[in-house]
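Visitor: based on what follows, work out the 3D shape:
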Amino acid sequence: MNNVPFFKKEVEKFQYFQMPKWLFAEPYCELSLQAKTVYMFLFNRLSLSLKNEWQDDDGQVFVYYSNEKLAGKEDGLGCSIPTVIKAKKELASVGLLKEVRQGLTLSNRIYLMGPNPFSQEVKNFKHRSKNSLIPDDKNLKTSKTEKSKTEYSNDYDTDMTDLISAFQKAFRGHTPTPFQYDDLEKFHKEDGISIEIMIEAIKRTSNNDANFHYLQGILRNWAKKGIQTMEQVIADDLSFEQKKNGRSAIDPKPAQTNIPAWANEEVKNEQTAEGQARLADLYAELEAMENGET
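Guide: Residues are numbered from 1 along each chain as shown. Next up, the predicted model:
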């Protein structure tokens with residue numbers, strides 16, 4: 001690439017992003033660089049919102065910017081979708097971003113927030129402390145521990161990208177909402193369920209043409225059984241079939257009293273979110289009964 005120095009005409013010719021200066025002041029200076037960069041992209045998108053008159057009934061300006069485009073190389077940061085979601089969650093945690101869902105076929109509205117121009121924090125803008133300055137060369141050497149953390153972070157982002165890709169295929173191109181992303185992350189980090197079997201759960205949800213509540217039911221059931229790997233899933237499926245076949249051979253027509261009362265009830269509105277949530281709970285409870293857990 002043939003780079004050139006900046007002269008007046010180059011400065012006037014090129015377009016630049018605007019990075020709000022107060023992002024580097026308290027209480028926002030601790031935000032990650034990714035979060036600040038995402039805010040910068042969204043902040044510059046406000047001009048398009050004004051042009052298209054994207055304002056709500058209260059006159060508040062909002063932005064349309066999908067996670068896919070924000071993560072893309074052409075119109076965005078050129079990073080993974082999980083990185084974008086994490087950055088948006090970080091901005092939301094300090095009150096700089098609010099996302100409002102519009103429905104299954106509509107993009108979310110993104111409301112950017114800014115500090116009160118008369119607040120004490122902005123009035124008393126402080127220069128960066130010596131701790132935030134570039135350290136000496138001797139401190140720039142990356143330790144093995146830091147390198148290991150970086151490699152783990154990169155692998156984790158790759159795994160989550162694969163998970164989101166499977167989610168999009170199962171749910172007609174939709175990416176997880178921040179709440180759904182949090183839920184999936186908890187199953188992985190807190191319950192120890194591997195990304196591989198979470199993808200398997202997503203595939204089973206897709207095969208049953210069900211929604212996110214159904215997926216939660218499968219993952220909750222596996223978490224309850226301590227299932228964390230694909231080998232354990234296969235073993236659980238085999239055990240389920242063996243118990244099912246063994247019971248059928250002994251008593252092909254089980255007594256009516258063995259069936260809970262709710263099993264005979266009609267589940268109405270199964271296509272609604274409430275109906276799907278009920279089906280997911282019934283599925284998890286029935287599978288638990290088949291495995292002799294109740």
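Visitor: dump the residue contacts of Leu70.
Guide: Residues in contact with Leu70, defined by Cβ atoms under 8 Å, 6 or more residues apart in numbering, are 38, 41-42, 76-77, 84. For every residue, glycine as well, the C-beta is placed using N, CA and C.
Visitor: where helices are concerned, which of the residues you listed count?
Guide: If you go by DSSP state H, the contacts of Leu70 have 38, 41-42, 84 in helices.
Visitor: show me the two of the residues you listed that sit farthest apart.
Guide: Within the ones in helices among the contacts of Leu70, two members stand farthest from each other by Cβ to Cβ: Leu42 and Val84, at 10.6 Å.
Visitor: between those two, which one's more packed in?
Guide: When neighbours are counted by other Cβ atoms under 10 Å, Leu42 and Val84 differ, and Val84 comes out ahead with 25 against 20.
Visitor: for Thr37, give its distance to Ala223.
Guide: Per Cβ to Cβ, to the nearest Å, Thr37 is found 35 Å from Ala223.
Visitor: neighbour-wise, which of the two wins?
Guide: Thr37 (20 against 16).
Visitor: wait, the more buried one sits on Leu77?
Guide: Yes - checked against Cβ atoms under 8 Å, the pair Thr37 and Leu77 is within contact range at 6.1 Å.
Visitor: can you list the weak-confidence ranges in the stretch 151-294 of the chain?
Guide: 151-158, 247-294 (pLDDT under 70).
Visitor: which parts of it are helices?
Guide: Counting by DSSP state H, counting those that start in this stretch, the stretch 151-294 of the chain has helices at residues 178-189, 195-207, 212-225, 230-250, 273-290.
Visitor: which of those helices sits most buried?
Guide: For those, average neighbour numbers computed from mean count of other Cβ atoms under 10 Å are highest in helix 212-225, which has a mean of 20.
Visitor: how is the chain divided into domains?
Guide: When the chain is parsed with automatic domain parsing, its domains come out as 16-125, 168-290.
Visitor: put together a markdown table for the ones you listed, with distance to Asp159 on each row.
Guide: Below are those laid out as a markdown table (distance: least, Cβ to Cβ, whole Å):
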| stretch | distance to Asp159 |
| --- | --- |
| domain 16-125 | 9 |
| domain 168-290 | 4 |
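Visitor: pretty sure Leu91 is in a strand, no?
Guide: No - according to DSSP: H, G, I helix; E, B strand; the rest coil, Leu91 belongs to no strand; its state is helix.
Visitor: show me the contacts for it.
Guide: Counting by Cβ under 8 Å, 6+ apart, Leu91 makes contact with 31, 35, 38-39, 97.
Visitor: so how far is Ile199 from the closest residue to Thr205 other than its chain neighbours?
Guide: In space, and not counting its chain neighbours, Thr205 is closest to Leu215: 4.3 Å by Cβ to Cβ, 6 or more residues apart in numbering. According to Cβ to Cβ, Leu215 stands 11 Å off from Ile199.
Visitor: swap in Leu184?
Guide: Going from Leu184 to Ile199 by Cβ to Cβ gives 10 Å.
Visitor: that older thread, which stretch among the helices of the stretch 151-294 of the chain comes nearest Glu26?
Guide: For the helices of the stretch 151-294 of the chain, proximity to Glu26 was assessed by Cβ to Cβ; helix 178-189 is nearest, at 25.3 Å.
Visitor: possible to save the contacts of Leu91 as CSV with neighbour count, distance to Leu163 and pLDDT?
Guide: Below are the contacts of Leu91 laid out as CSV (neighbours: other Cβ atoms under 10 Å; distance: Cβ to Cβ, whole Å; pLDDT from 0 to 100):
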residue, neighbour count, distance to Leu163, pLDDT
Leu31, 20, 25, 91
Ala35, 24, 21, 91
Val38, 28, 20, 92
Tyr39, 24, 25, 91
Leu97, 21, 23, 91
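Visitor: and of the residues you listed, the nearest to Asp57?
Guide: Asp57 lies nearest to Leu97 out of the contacts of Leu91, by Cβ to Cβ, at 20.3 Å.
Visitor: any stretches of the stretch 1-150 of the chain with poor pLDDT?
Guide: 1-4, 6-14, 116-150.
Visitor: can we see that at 50?
Guide: Within the stretch 1-150 of the chain, the stretches with pLDDT under 50 are 118-138, 140-141.
Visitor: in it, which spans are strands?
Guide: 97-100, 109-112 (DSSP state E, counting those that start in this stretch).
Visitor: any idea how far Val100 is from Lys73?
Guide: 27 Å.
Visitor: distance to Leu219 added to the contacts of Leu70, as CSV?
Guide: Output for the contacts of Leu70, formatted as CSV (distance: Cβ to Cβ, whole Å):
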residue, distance to Leu219
Val38, 28
Phe41, 33
Leu42, 32
Gly76, 30
Leu77, 30
Val84, 23
